[in-house]
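> Got a predicted model here, sequence first, then my questions.
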Amino acid sequence: MKTLQKIIYIYPVLLLLLTSSCREPIFIFDPGLPGLPIYTQRGNDVGGAIFNETQIWNSKLSANGLFQYYDYIPIICDTVDNKLKIKLPGYIINSSTSNYNEVDIIFEITNSRVKSFEDLLLLDQTEFDLASAEHKAYVDIDAHDFYYGREEDFQPINQIGKLHIRKLSGINRFILAGTFGFEYEDSVNVKHTVHQGRFDYNLSDVGFRYEEN
Amino acid sequence: MKSNLHKPLVITILSLFFFLSNAQIQLSGGLTFSKLLVNSENLETKMRTGYFTGVSYRYKPEPLKSLSFSGGFIFSRRKHIIEQPFLEKRYYGDSFLTIPIIIYYDITPWLLINAGYEFGTILESDFSEKEYRNRANAILFGLNFLQNKKVSPFIRSGFNPSGRLEYQTFDDFGNKTGTTSEFKNFYILTGLIFNLLQ
């Protein structure tokens, strides 16, 4: 009888966990730029941008964590240097080979107010000028591991651009939505452009970690 | 306020037509050709064929020799094609229930020009995401032939100037530039009207 009771109690919890982890991204294509999703702010778990004028970058976020490396947006909070590092995992399709190349977009912003996951809500309706020395954005073409074995501190040269966090709100699970665009030169003076960026994600504290100084 | 008012108003007008002694009851059916209009260099939309069926009643007031009015219900299945480089060719379909209110003018005894407006709702759609709006209302324009025969052909077009997908636009650096709407409903109905009572 107790076993039956356990099953009765556990089954709905398991079902809830299974169904909640099967949330699929909702991609509503932009009629003007059909490879990109329209800008939404309801947690559609999609993102897109135009990379180097010709290539489409799309978010790789998938709720099915068994087969994708990330099913959340990874964020690293450095409470000592007041830095916040946000990674948007994604890919670009190689038009000649039709292969998916992993390409991540990284934002590193300076903010002294965010010390915990809950503090992220303070970034709602915030604009970051990426021409400022305090903030930077770049693409990680080799898609390095974000938390471990990171590459050397990358410094974009002559960077201009904006990151607009247009919505960051919620209870327990936040919605992070915004737009962005930036240009910079890398260490060998090759210019990179990321234009028409937009994203709309669910944010969970699973992806939030502290910098190990 | 406006949306709260228009449904009772339409039902009242239709009821008045129904109880008028010289109203003509009509059944109709035929094909729909519909297209979602989009203003994009990267996207192409094409017409597909669907179908419709409906019931209506037409009223011709005695003092107005060349004018007549009709109201009724139309169920239509409208289909569309959207083609673009990244999504390839995709097929979409919608089911509409609409109430067209139409004014007819007799150009000759066998040719009528008509115009009107229809209210309605989308019963079912492949555009299931909530970002797509329920745009079923339309401005109508058409031609009817052989009005005094038991079976008379007609053709009518409908257009809604508001797009079904409303979204914000941004410049290259993510600054908001405005709001736009795309996928405007345009369709053509063509078929036969069966005049049951006259």
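That came in fine, so what should we check first?

> Just list the residues touching residue 54, thanks.
Here I'm looking at chain A. Shown in contact with residue A:54 (Cβ atoms under 8 Å, 6 or more residues apart in numbering or on different chains): no residues. (Glycine included, C-beta is placed from N, CA and C.)

> should've been chain B
Residue B:54 touches B:27-29, B:72-76, counting by Cβ under 8 Å, 6+ apart.

> Filter those down to the buried ones and express that as a ChimeraX selection.
Selecting just the buried residues from the contacts of residue B:54 in ChimeraX takes one command, with 16 or more other Cβ atoms under 10 Å in any protein chain shown as the test:
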select /B:28,72,74,75,76
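
> In helices, which of the contacts of residue B:54 appear?
Among the contacts of residue B:54, DSSP state H puts none in helices.

> TSV for the contacts of residue B:54, including pLDDT and distance to residue B:170?
As requested, the contacts of residue B:54 are exported to TSV (pLDDT from 0 to 100; distance: Cβ to Cβ, whole Å):
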residue	pLDDT	distance to residue B:170
B:27	93	50
B:28	94	45
B:29	96	46
B:72	90	44
B:73	92	42
B:74	94	39
B:75	96	40
B:76	95	36
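
> could you point out which element follows the lowest-mean-pLDDT helix or strand in chain A?
The helix or strand of chain A with the poorest confidence is helix A:2-20; it has a mean of 45 (mean pLDDT, DSSP states H and E). Per DSSP states H and E, the first helix or strand lying C-terminal to helix A:2-20 is strand A:46-51.

> The helix or strand following that following strand pairs with which strands, and in what direction?
Downstream of strand A:46-51, the next assigned helix or strand under DSSP H and E is strand A:55-59. For strand A:55-59, the pairing partners within the sheet under DSSP bridges are strand A:46-51 (antiparallel), strand A:90-93 (antiparallel).

> Look up which residues are beta-bridged to the residue most central in space within chain A.
Nearest to the geometric centre of chain A sits residue A:88, at 2.6 Å (Cα atoms, centre = their mean). Residues in a beta bridge with residue A:88, per DSSP bridges, are residue A:105.

> Same check on residue B:30?
Residues in beta-bridge contact with residue B:30 (DSSP bridges): residue B:52, residue B:191.

> Distance-wise, check it relative to residue B:96.
14 Å (Cβ to Cβ, to the nearest Å).

> Equivalent analysis for residue A:210, please.
For residue A:210, the distance to residue B:96 - Cβ to Cβ - is 55 Å.
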